[in-house]
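Chemist: got a predicted structure plus its sequence, pasted below:
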Amino acid sequence: MTGKGTKKVPVQLQPFISKQYYQRYTPIDHAVWRFVMRQNHYFLKEIAHPAYVNGLIDSGIKTESIPKVDDMNTSLAKVGWGAVTIDGLIPGAAFYGFLANRLLPIATELRKVQNIAYTPAPDMIHEAAGHAPILLDESYREFVRKVGEMGSKALSSKEKLEVFMAVRHLTIVAEDPKSTPEQVKEAEMKVAEARKKVQGLSEADQVSRLFWWTVEYGLVGELSNPKIYGAGLLSSVGESKSCLADDVRKIPFTVEECVKTAYDVTKPQPQLFVCKNFSELASAVDQFAATMAFRKGGTESLEKALLSDSIATLVFSSGLQVTGTVATILKDENGEAVYFRTKGPTALALDNKQLNGHGIETHRKGFGTPIGRLEGNVVLENCSFAQLNDLGIINGSLAVLKFKSGVNVSGVVKDILLSNGKPILISFKDCQVTYKEQVLFEPAWGTFDMAVGAAITSVFAGAADPDTYFNWPVKDDSWEIVEQQSLNELENLYKEIRTIREGAEWNEQGLFHVNEVLRILNESYPNEWLLRLEILELYKMHNESHPNVTSLVKMLKTTDWGPSVKQMIQRGLTLINNS
């Protein structure tokens, strides 16, 4: 977790928080960070949205060294946000949950030199150099918060969870320098196999695509001359330039087009969506949210919860909230839900606060209840205490409730729970519940707690009161002591060049050490291009006529590095020559 002044992290999100072990970053890690940040400051000032360019300056994120998440948390606190450390790729609901709570989740790993242009795995460059600066823009961060709220409430499917696990494995394998091409291919095949099992698009899929084509890969402004605002582009040294080329199609932004367009995290995107401004994004998100289960409710939303096979909250028109995993839905001849049952731990809440005596200990095996109006079109939640008495709903008395749907509830009233003088929950003993010829509850099963509500008005992923529903212990790793990692020869060479660059003045001793580092590189590390760029930068700054300048430039330009590294070297040379 971050330091003093951190925004409160909801309990259900705390298991995803890790620590930033700053001393584990090597001199090579800091060099990778410095290269990308210098590239961003130089190349993005003309092609990124001004909100990002200004944010990059105002955020206080340093170029020379990897930022500490505590410092980023302090910077974001000025605009009501915070930053938390996470361990790589986390479930979508958790990721969006952080954003909904105005917390930027930051993966503290750093991409390797061979993946400096782009990595599918979340890392510090993506989060800190991509997401954080632009969040200082008010309209943009409110848009991100809204997407976070949608994503945290979006219903997924169990097949989609399998896809997530496969993608997570792929990102780990793709970033691991020890992975073989065969291992990467096998991981890619597992992703493809998992995706084949997915039928249709869940709400979570739709939000994920919308997030990808906006927050991660969005363009803004005129279609013919857009600016970059997506963090995936801003943090990709290669794609931030290539994305504006003519061979990448630019499509006018609409939610509908974004939602129906799939994406591949491992490859450059063949098309991008261009919005007019951030206000258009916020308006479109509001319209899309109106189509989701947490806004619509009804039978369709219940069915989405059933398909998710995950914890969801069902909200009745009375305000009562039921949190659990939907197991069964009974429907009438018109296809409308008349009764549902959850499985496993279930809790009841009102206004996102758990009701006393109705936590998961009470309903540990599930919860079932009818939905709808009574015969005579009676809406129970609208009844006063006197009207309940007229219906025979009196404490200690036998009551027979006949629903329009055909569900019948017969039992002795044990308790009536009211909110603002109106019923939200009625408990019965010696109760039997039937639907047509089907027995739904027997007297021997104990107390029947019946939710009051003519309709389901909202269904969303997660718990109404997560602080009480999820009883997860908070990790306490404050005792951990992580020793400074010992450096290998190449890391020590990076460290030496860094020390010279940051020294107070250039002198003969500094020149000697630079020459010595270059000699070792030439003898032992022919493929080490990044450190050679840093050495060239020192020569250009302090001794431009040195003969090593010509040989360095020639080697960097003529060696067959491969297209990606060649592009990085060319951009590095451009920056050195124009600094």
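Modeler: Received the coordinates, thanks.

Chemist: going forward, measure contacts and count neighbours with C-alpha atoms only.
Modeler: Will do.

Chemist: buried set for the lowest-mean-pLDDT helix or strand in the chain?
Modeler: When the helices and strands of the chain are scored by mean pLDDT, DSSP states H and E, helix 158-175 comes last with a mean of 79. Neighbour counts over helix 158-175 (16 or more other Cα atoms under 10 Å) mark 159-175 as buried.

Chemist: cool, and stretch 499-517?
Modeler: Neighbour-count burial for stretch 499-517, counted by 16+ other Cα under 10 Å, picks out 500-501, 510-511, 514, 517.

Chemist: among those, which two are most distant?
Modeler: Farthest-apart pair in the buried residues of stretch 499-517 is 501 and 517; separation 13.2 Å (Cα to Cα).

Chemist: name the residues contacting each of the two.
Modeler: Counting by Cα atoms under 8 Å, 6 or more residues apart in numbering, residue 501 and residue 517 have no common neighbour.

Chemist: domains in the chain, by residue range?
Modeler: 11-157+199-285, 158-198, 293-469, 489-578 (automatic domain parsing).

Chemist: least reliable of those going by mean pLDDT?
Modeler: Of all those, domain 158-198 carries the lowest average pLDDT, namely a mean of 83.

Chemist: please, where are all the helices along the stretch 51-200 of the chain?
Modeler: 69-77, 92-100, 124, 138-153, 158-175, 181-196 (DSSP state H, counting those that start in this stretch).

Chemist: same deal with the stretch 201-350 of the chain?
Modeler: 203-211, 231-234, 239-242, 255-259, 278-289, 293-296, 298-308.

Chemist: could you do the stretch 451-579 of the chain as well?
Modeler: Using DSSP H, counting those that start in this stretch, helices in the stretch 451-579 of the chain cover 466-469, 489-501, 508-524, 529-542, 547-558, 563-578.

Chemist: buried stuff in the fourth one?
Modeler: Residues of helix 529-542 classed as buried: 529-540 (neighbour count, 16+ other Cα under 10 Å).

Chemist: quick one: which of those is nearest to residue 128?
Modeler: residue 530 (21.2 Å).

Chemist: hmm, back to that, as TSV, the buried residues of helix 529-542 with distance to residue 462 would be great.
Modeler: Output for the buried residues of helix 529-542, formatted as TSV (distance: Cα to Cα, whole Å):
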residue	distance to residue 462
529	48
530	46
531	48
532	51
533	49
534	49
535	53
536	54
537	52
538	54
539	57
540	57
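
Chemist: ok, these vs residue 88, which is closest?
Modeler: Closest to residue 88, out of all of those and judged by Cα to Cα, is residue 530, at 25.2 Å.

Chemist: on that earlier part again, for residue 278, which of the helices of the stretch 51-200 of the chain is the nearest?
Modeler: Here helix 138-153 is closest among the helices of the stretch 51-200 of the chain (Cα to Cα), at 5.9 Å.

Chemist: give me the number of residues near the residue lying closest to residue 202 once chain neighbours are set aside?
Modeler: Of all residues not flanking residue 202 in the chain, residue 156 sits nearest, at 5.3 Å (Cα to Cα, 6 or more residues apart in numbering). Neighbour count of residue 156, defined by other Cα atoms under 10 Å: 25.

Chemist: contacts only, for residue 156.
Modeler: 202-205, 304-305, 307-308.

Chemist: if I look at it, how far off is residue 10?
Modeler: 21 Å (Cα to Cα, to the nearest Å).

Chemist: how about residue 239?
Modeler: For residue 239 relative to residue 10 (Cα to Cα), the value is 35 Å.

Chemist: what does residue 203 give?
Modeler: For residue 203 relative to residue 10 (Cα to Cα), the value is 23 Å.

Chemist: also residue 449?
Modeler: 29 Å.

Chemist: more neighbours: which of those two?
Modeler: Neighbour count, other Cα under 10 Å: between residue 449 and residue 10, residue 449 has more, with 21 against 14.

Chemist: straight-line length of stretch 233-253, end to end?
Modeler: For stretch 233-253, the end-to-end distance is 17 Å (Cα to Cα).

Chemist: list the buried ones in that stretch?
Modeler: Under 16+ other Cα under 10 Å, the buried positions of stretch 233-253 are 233-240, 243-244, 250, 253.

Chemist: ditto for stretch 452-471
Modeler: 452-469.

Chemist: got the end-to-end distance for that stretch?
Modeler: 27 Å.

Chemist: do stretch 363-374 as well
Modeler: Per Cα to Cα, stretch 363-374 runs 25 Å from first to last residue.

Chemist: geometric centre of this protein: which residue is closest?
Modeler: Nearest to the geometric centre of the chain sits residue 95, at 2.6 Å (Cα atoms, centre = their mean).

Chemist: distance between stretch 533-546 and the chain's centre?
Modeler: Distance of stretch 533-546 from its chain centroid, counting by Cα atoms, centre = their mean, to the nearest Å, is 42 Å.

Chemist: then stretch 106-121?
Modeler: For stretch 106-121, the distance to the chain centre is 17 Å (Cα atoms, centre = their mean).

Chemist: got it, and stretch 365-372?
Modeler: On Cα atoms, centre = their mean, the centre of stretch 365-372 falls 32 Å from that of its chain.

Chemist: one more: stretch 252-261?
Modeler: 20 Å.

Chemist: same check, this time on stretch 515-532
Modeler: The answer for stretch 515-532 is 40 Å, by Cα atoms, centre = their mean.

Chemist: show me what it is in contact with.
Modeler: 31, 113, 493-494, 497, 535, 552, 556, 561, 569.

Chemist: try it again with 7 Å
Modeler: 493-494 (Cα atoms under 7 Å, 6 or more residues apart in numbering).

Chemist: any idea how far apart the tips of that stretch sit?
Modeler: Terminal residues of stretch 515-532 lie 11 Å apart, using Cα to Cα.

Chemist: tell me the buried residues in stretch 384-391?
Modeler: Neighbour count says stretch 384-391 has 385, 388 buried, by 16+ other Cα under 10 Å.
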